[in-house]
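Engineer: The sequence isn't on hand, but the structure is:
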């Protein structure tokens, strides 16, 4: 992708595919894995590409983002502070009033079943808030 907007001609899903390939290491594998789990949880999820290169998954609002850094893949849930997390997947950004994140480092494994359930709960929260907003 170039800074001159060459990314603008590609669909967000293509840009996410490209990011996974470009990473070419454990981060790409992890991003591909959690992306598949997100799609499993919400088959009609909308993939976006925002903020100059951040994969974003939306359903009635942002569910989460998938940022990649040198040492971590960070999944930030926009309304994570309001999402029940009984298995303790959230391990970062725990002090804020809105967001919660999951930092995954090389060699980490995510509990697939718990992650799918977390994404489903985040989507249900977005839907409930969306319905509340429409009623006002």
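Structural biologist: Everything's here; your move. Predicted, not measured: the structure shown is a model, and the values here were computed from it. Residues are numbered from 1 along each chain as shown.
Engineer: Scan the chain for its longest helix.
Structural biologist: Looking across the chain with DSSP state H, the single longest helix is helix 112-135.
Engineer: Please point out which parts of that one sit buried.
Structural biologist: Within helix 112-135, the residues scored as buried using 16 or more other C-beta atoms under 10 Å are 115, 116, 117, 118, 119, 120, 121, 122, 123, 125, 126. (Glycine included, C-beta is placed from N, CA and C.)
Engineer: residue ranges of the strands in the protein, please?
Structural biologist: 46-50, 54-58, 62-68, 73-77, 100-104 (DSSP state E).
Engineer: contact partners of the third one?
Structural biologist: If I follow you right, that is strand 62-68. Residues from elsewhere that reach strand 62-68, judged by C-beta atoms under 8 Å, 6 or more residues apart in numbering: 16, 19, 23, 27-28, 31, 34-35, 38, 42, 45, 50, 54-57, 73-78, 80, 119, 122-123, 126.
Engineer: now these: which count as buried?
Structural biologist: 16, 19, 23, 27-28, 31, 34-35, 38, 42, 45, 54-57, 73-78, 80, 119, 122-123, 126.
Engineer: For residue 9, find the nearest of the strands of the chain.
Structural biologist: Of all the strands of the chain, strand 46-50 sits nearest to residue 9, with 11.9 Å by C-beta to C-beta.
Engineer: Describe which strands that closest one pairs with in its sheet and in which direction.
Structural biologist: strand 54-58 (antiparallel) (DSSP bridges).
Engineer: and the partner strand with strand 73-77, angle?
Structural biologist: 40 degrees (axes from the mean of the first three to the mean of the last three C-alpha atoms, to 10 degrees).
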